[in-house]
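Colleague: Sequence and predicted structure are below.
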Amino acid sequence: MSIWILAIFIGVPLMEIMLFIKIGAYIGLWYTLAIVVITAIIGTALIRRQGLQTLNRAQHEMQSQRLPVQELFEGICLIISGVLLLTPGFLTDLFGFMLLVPPLRRVLGHYLWKTIQNSGTTRFVMPGQANHYSRNDDGPIIDAEAKNISEEDEKGKE
């Protein structure tokens, strides 16, 4: 896991620098900088609009006594998208705009949900719901009766 984080923190800036040089050489410095600023402005406006819609859907789900899992995931994606769009660079802008596309977020969410389900146990409890824990041990069932041994010991001593 740590090697992936290291690769991201080293690899992404190197790729961004390479893209800045290539695109800047092709279209010029000022157009390159203008694109970076414009994508940040457009991204911020889109995040604000989609964020309010997601917040409204989450509130509706909670009023209906349902856990807003999809809305929470979309909110997290929008936060990540905002960070990526405000980070200068073409590669981060690409990933930021990809997270703004609702069908791509749904596909990503479905994939992550399946991964979580396959990795172990998941349990969600809504406020106001009973918290039932169930065990599914497939071991043998032993039927027994309790017997108080201390009474027999006292009778034997007398």
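Modeller: Yes, it's here. Given the structure is predicted, the values throughout are model-derived calculations rather than measurements.

Colleague: what about stretch 75-94, how long is it end to end?
Modeller: 18 Å (Cα to Cα, to the nearest Å).

Colleague: Now the longest helix seen in the chain: buried residues?
Modeller: Longest helix in the chain by number of residues (criterion: DSSP state H): helix 29-63. Within helix 29-63, the residues that count as buried by 16 or more other Cβ atoms under 10 Å are 32, 36, 39-40, 43, 46-47, 50-51, 54, 58, 61. C-betas here are computed from N, CA, C, even on glycine.

Colleague: Report all helices and strands that it contacts.
Modeller: Here helix 29-63 touches helix 2-27, helix 69-86, helix 90-99, going by 3 or more Cβ pairs under 8 Å, 6 or more residues apart in numbering; DSSP states H and E.

Colleague: 10 Å instead?
Modeller: Packing partners of helix 29-63 (3 or more Cβ pairs under 10 Å, 6 or more residues apart in numbering; DSSP states H and E): helix 2-27, helix 69-86, helix 90-99, helix 102-119.

Colleague: Pipe those into a markdown table and attach distance to residue 143, mean neighbour count and mean pLDDT per row.
Modeller: Listed next are those as a markdown table, based on distance: least, Cβ to Cβ, whole Å; neighbours: other Cβ atoms under 10 Å; pLDDT from 0 to 100:
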| stretch | distance to residue 143 | mean neighbour count | mean pLDDT |
| --- | --- | --- | --- |
| helix 2-27 | 51 | 12 | 91 |
| helix 69-86 | 41 | 18 | 86 |
| helix 90-99 | 56 | 19 | 91 |
| helix 102-119 | 35 | 12 | 86 |
